[in-house]
Structures are given as C-alpha cells and as structure tokens.
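Engineer: heads up, no residue letters with this:
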C-alpha cells in the first residue's frame, strides 16, 4: 500500500466506529472532583475514554472500570497517553470525595466529573445521547440508577472515534486503543 492510500484508509476497529460523527458527543464542560471545570480540550494529546455511571452501580461501572484498569496495565508506558473519565449520573450520592476515591481505586490517573446541578447533567447526557433514570430500590428510600452501558472514545485530537458497548473483552479495548495511539505517533 502506498503512503497516500494509508492516509485515507480506515483503521479496523473492533468496536463501533463513529469516526466522522459531528452530530453529537462533541464536548463536555463539567467540574472535576476538585471543582475545576473540565472540557475535552484539557485532555488533548491523549486518547480519552468517557463513560457515564455511578459509584453505587452493582455491575456495569465497576466491571468496565476494572477492564480499563487491566487494559492500562497491559498498555505499559503507553497508558500515560490514555485518559479514563467517569461522569456520574447520580450527583446527589456521588460527592466529589466519593467519586475521587471510587475512580482512584481503579487507576491513579482515572478522573471523575460531576455536574453542578440537574440542568447541567441533563445537558451533557442529552449531548451524548446517554439515558439515565432513578428507579426505586427494594427498601423505602433506596434507589438504583439505570444508565446507558457504553463508553465513548476520543482520539488525541479530540475527535469522537468509538462507541464501546458494555461487556467488551479487554483484548477488544486494547486493540482499538493501540490503533488510536498509533495515530498519535504517526501524526
């Protein structure tokens, strides 16, 4: 394959390729656990994995974060070029302190964001087409949060590239993140 053909060939991702999308999931503006407003531009130069969830999640969130922690270890020194960002859909329970402890349990470089108010949460979830709903629990006063079980992946230039469904194997994550990291090296 000649050099020009490589410039226009699409990578063979194992997850859903959203390259070229410009209709949704373009950016966010949310405070981190220290209260600093963060946007996608803050992570420019890194592959960003963005997922929505909550700290009391019984399965999807801890499983996905554990897989990403495993992938980070397998990436070795390249892991420094990947940023995992967790956005809570349960800001009433997920205090900044709780979020910080939660994400750091999976990876020292993982970050968490928390909408300042319900309107900001509605805006970012609408912008990313993320569903969430508060459902009553078994006991009075308890509840669970239903939420979209997938992640978005942005390339080092901040362009949306992938939609990763829940339950992907670490190998699938590793394959696609390595492809995006190679793009960083070649650009």
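Structural biologist: Great, that's in hand. Keep in mind that what you see is a predicted model, and the values were worked out from it rather than measured.

Engineer: quick one: the helices in the protein, in order.
Structural biologist: Assigned by DSSP state H, the chain shows helices spanning 3-8, 60-75, 96-106, 118-127, 170-186.

Engineer: what residues sit buried inside the last one?
Structural biologist: What it means is helix 170-186. 170, 172, 173, 174, 175, 176, 177, 178, 179, 180, 181, 183 (16 or more other C-beta atoms under 10 Å). For glycine as for every other residue, the C-beta is placed from the backbone atoms N, C-alpha and C.

Engineer: I'd like to know which elements it is packed against.
Structural biologist: Applying 3 or more C-beta pairs under 8 Å, 6 or more residues apart in numbering; DSSP states H and E, we find helix 170-186 packed against strand 47-53, helix 60-75, strand 150-154, strand 160-165.

Engineer: ok, the second one next?
Structural biologist: With contacts defined as 3+ C-beta pairs under 8 Å, 6+ apart, helix 60-75 has these neighbours: strand 47-53, strand 82-88, helix 96-106, helix 170-186.

Engineer: just the angle between it and strand 47-53, please?
Structural biologist: 160 degrees (axes from the mean of the first three to the mean of the last three C-alpha atoms, to 10 degrees).

Engineer: again with the third one
Structural biologist: An angle of 120 degrees separates the directions of helix 96-106 and strand 47-53 when computed by the same axes, to 10 degrees.

Engineer: so what's the nearest residue to residue 11 once chain neighbours are set aside up against?
Structural biologist: Nearest residue to residue 11, sequence neighbours excluded (C-beta to C-beta, 6 or more residues apart in numbering): residue 179, at 4.5 Å. By C-beta atoms under 8 Å, 6 or more residues apart in numbering, the contact list for residue 179 reads 11, 12, 13.

Engineer: and the pLDDT at the most centrally placed residue in the chain?
Structural biologist: By C-alpha atoms, centre = their mean, the chain has its centre lying nearest to residue 50, at 1.4 Å. Residue 50 is assigned 97 on the pLDDT scale.
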